[in-house]
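Participant: here is a sequence with its predicted model. Questions after.
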Amino acid sequence: MRFVPRMFATMAFAVLVAYPIRANDTPRPVPTTKPAAAAAADKDVAAHSRAAADPADEATPAAPAPTPAPRSGGVGSDTPKFELFLGYSNVLATPMSPSNRIADIQGGDTNIAFNLNRYFGLVGDFAGYHANTLTFDQAGGPSRDVGARGKAFTYMGGPRLSYRRPRFTLFAQALFGDANARTVTIDGCSGSSSCTPLTNENSFAMALGGGLDLNLRRHFAFRLIQAEYLLTRFRDPSIASGTAGTRNDVRLSSGIVFRFGGNSPEPPTASCSIQPGEVFAGESVTATATGSNFTRTVSYSWNGTGVKVSGSDASAQIDTTGLQPGGYVVTANLSDGRRNGSVSCSARFTVREPHPPVISCAADPSSVAMGGSSTITSTASSPDGRRLSYSYSARAGDISGSGSSATLNTRGAQPGRISVTCNVNDDRNPALAASSTTMVEVQAPPPPPPPTPAPEIKQLEAKLALHSIYFQTARPTEEHPEGGLLDSQADILAALAADFKNYLKYMPDAHLILSGHADPRGTVEFNKKLTERRVERTKHFLVEHGVPADHFELKAFGEEHQLTADEVKEQMADNPDLSAEERQQMLKNLPVLVLANNRRVDVTLSTTGQQSVRRYPFNAKDFLALISLKGGERKTEAKKKR
């Protein structure tokens, strides 16, 4: 019985190979603290409670973390210590030949596996078969099958590698040992060496292969298939010398598996979170449940205290419409259908008390001539940080605007005070609104001056101070359209306003054409809006200094009609305010000067077509601010009204 020592030697070798793996797989103690997800949920609830106690101490809630899919227990929780297989087995010779006459033997296979860890184990295998048919070569004729009686047994052992999932287990194994053939009697065969029956014999055996188990219960599985290559070294009865030869066979088995021992599955756990943790009534809230240690598909059910919760998976939506201020609790129930496979978790959120916005408004200027306009500016805020919308109404005149500022046009209004109402409300509820009022004084026009002889008009036209107005980079801004006009340019406009008001006494139909320009660094849309703000700012200054608002024509060219470098050099050559040394120094920064000369508003007198002189203020005190390529705005007080 040589197969016994071979089998034990094989198993001893497998133990030596597996020992380091077993040593590295020593179970670690299970922590007694809460799972990380549950601890995070407790911290989240505590943070919401503190925020509810002090609404002023408010932080932006973090985005919800991705919800992991429920998983099975830790390593070893689904790994039995022992697995006993009992099943049917069939060995097929491949290929069929006289030297391998056992064509199709059937029997039973049993093996027991000792699992050192989740992935590695040792297997001892015993199988027995009964032969009913042999194939042999008869002298001078073809091979044929005859009735026979005989038995064969295998005794093998070796290592097994397993891949375990909750529903199935895949394994691969290598088994080594002995095969034993008992006496086979052949009916009706004589006179040929190929008829020689198989005698009692032991042979080396090896089986390489794997299988698939379907896990039906914790202690019970069904082995759908176990397929192996089976090698033996039996003597060839068709050769007189009886030389041992390699037998290549296929072994197929199927049956049931009993599983014993191992760790019990860890109990399922769950944690809940809610984002955001603080809301106002009507805002959306999402609750999320995170589960672990489940072995089957998890079902979710949600409920809340005083709130409506909708959802049947790991996330649910909470309806906060009409909720009163205060705290609310939402609970999730998770179950995979197993006994002790259910767990619950809860999370809390807070509905805050809403507060209406506050507003104040002012008019600039507060006094205008008949037909003039005034800018109404609202200053509003929401204690709850909500988005605000504005609206305006006036007792007389025409008011337009839907943002934080509006324009009151007094055309058609009678002299006297006009009351303007500024309204603001937030995006939640029209009832959460506030309003404020301001007054605009409409002045009666002065009596028309006596006619002036034509020569005096010509002299006045020649005296009109028409100079182009220059701006800083990207000024005025959208946030501060009232800014961007430096002192040197304000002085030029003040002189223009004084001369043009005097001119209107004699030429009441005259008006000023304001043409805005920008350097080419911005986009077409940006430069278009920028030049619109520049001409509006220029007009607004002149109106503040007494020029009627209806005596203007505005044109915004954006980056069109750019001055070239040659045109700028020609203007510098004609500028009497520059010395030769200064002109030479300025030419070193010609690209910067070309950009600066294109950030301007040109002024044209409608009655004569006279255009403003383009003379850059090189000697002005604020020259460096004007020429700078940066968009910073000087923090100076507003220009004095002249």
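Facilitator: The structure has been received and is ready for your questions.

Participant: could you use CA atoms for every contact and neighbour count after this?
Facilitator: OK.

Participant: count of residues packed around the nearest residue to P357 once chain neighbours are set aside?
Facilitator: With C-alpha to C-alpha, 6 or more residues apart in numbering as the criterion, P357 has its nearest non-adjacent residue at 4.3 Å, and that residue is S382. As a burial measure, S382 scores 19 neighbours (other C-alpha atoms under 10 Å).

Participant: need the phi and psi values for S382.
Facilitator: phi -110, psi 120 (degrees, to the nearest 10).

Participant: does it touch S389 like I think?
Facilitator: No: counting by C-alpha atoms under 8 Å, S382 stays clear of S389, with 10.9 Å between them.

Participant: A287 pairs with what?
Facilitator: For A287, the beta-bridge partners under DSSP bridges are I274, A316.

Participant: just the pLDDT at it, thanks.
Facilitator: A287 carries a pLDDT value of 93.

Participant: which residues in the stretch 401-550 of the chain form strands?
Facilitator: Ranges of strands in the stretch 401-550 of the chain, per DSSP state E, counting those that start in this stretch, are 405-409, 416-426, 433-443, 469-470, 512-516.

Participant: burial measure for Q443, as a count.
Facilitator: Neighbour number of Q443 under other C-alpha under 10 Å is 16.

Participant: I'd like to know how many residues surround V568.
Facilitator: By other C-alpha under 10 Å, 23 other residues sit near V568.

Participant: SS state for it?
Facilitator: Under DSSP: H, G, I helix; E, B strand; the rest coil, V568 falls in the helix class.

Participant: quick check: it touching A596?
Facilitator: No: shown here, V568 and A596 do not form a contact pair, counting by C-alpha under 8 Å, at 9.9 Å.

Participant: remind me which residues of the stretch 401-550 of the chain are low pLDDT?
Facilitator: Judged by pLDDT under 70, the stretch 401-550 of the chain has its weakly predicted residues at 449-454, 456.

Participant: picking that back up, what's near enough to touch the residue nearest to P357?
Facilitator: Applying C-alpha atoms under 8 Å, 6 or more residues apart in numbering, we find S382 in contact with 355-358, 388, 426.

Participant: now A497
Facilitator: 542, 545-547.

Participant: how far away is it from G412?
Facilitator: 24 Å (C-alpha to C-alpha, to the nearest Å).

Participant: picking up where we left off before, residues shared between the contacts of S382 and S389?
Facilitator: Common neighbours of S382 and S389, counting by C-alpha under 8 Å, 6+ apart, are D426.

Participant: give me the number of residues near the closest residue in space to S488 that isn't next to it in sequence?
Facilitator: Nearest residue to S488, sequence neighbours excluded (C-alpha to C-alpha, 6+ apart): A620, at 6.3 Å. Using other C-alpha under 10 Å, A620 has 13 other residues around it.

Participant: thought Q489 was touching A620, still the case?
Facilitator: No: A620 is not in contact with Q489 according to C-alpha under 8 Å; the separation is 9.3 Å.

Participant: list residues touching both of the two?
Facilitator: With contacts defined as C-alpha under 8 Å, 6+ apart, no residue is shared by A620 and Q489.

Participant: so who does F126 touch?
Facilitator: Counting by C-alpha under 8 Å, 6+ apart, F126 makes contact with 109-111, 153-156.

Participant: which of those sits closest to S373?
Facilitator: The closest of the contacts of F126 to S373 turns out to be N111 (C-alpha to C-alpha; 100.2 Å).

Participant: the closest one should be in a strand, yeah?
Facilitator: Yes: the assignment for N111 (three-state DSSP) places it in a strand.

Participant: give me the nearest residue to it, chain neighbours excluded.
Facilitator: Closest residue to N111 apart from its sequence neighbours, by C-alpha to C-alpha, 6+ apart: D125 at 4.2 Å.

Participant: average pLDDT across the one helix or strand that neighbour maps to?
Facilitator: In this assignment (DSSP states H and E), D125 forms part of strand 120-137. Strand 120-137 comes out with an average pLDDT of 80.

Participant: where do the strands sit along the stretch 251-400 of the chain?
Facilitator: Using DSSP E, counting those that start in this stretch, strands in the stretch 251-400 of the chain cover 269-275, 278-279, 285-292, 299-304, 308-310, 315-319, 326-335, 342-351, 358-364, 367-369, 373-381, 388-394, 398-400.

Participant: ok, and which of those strands has the densest surroundings?
Facilitator: Compared across the strands of the stretch 251-400 of the chain, strand 269-275 shows the largest average neighbour count, a mean of 25 (mean count of other C-alpha atoms under 10 Å).
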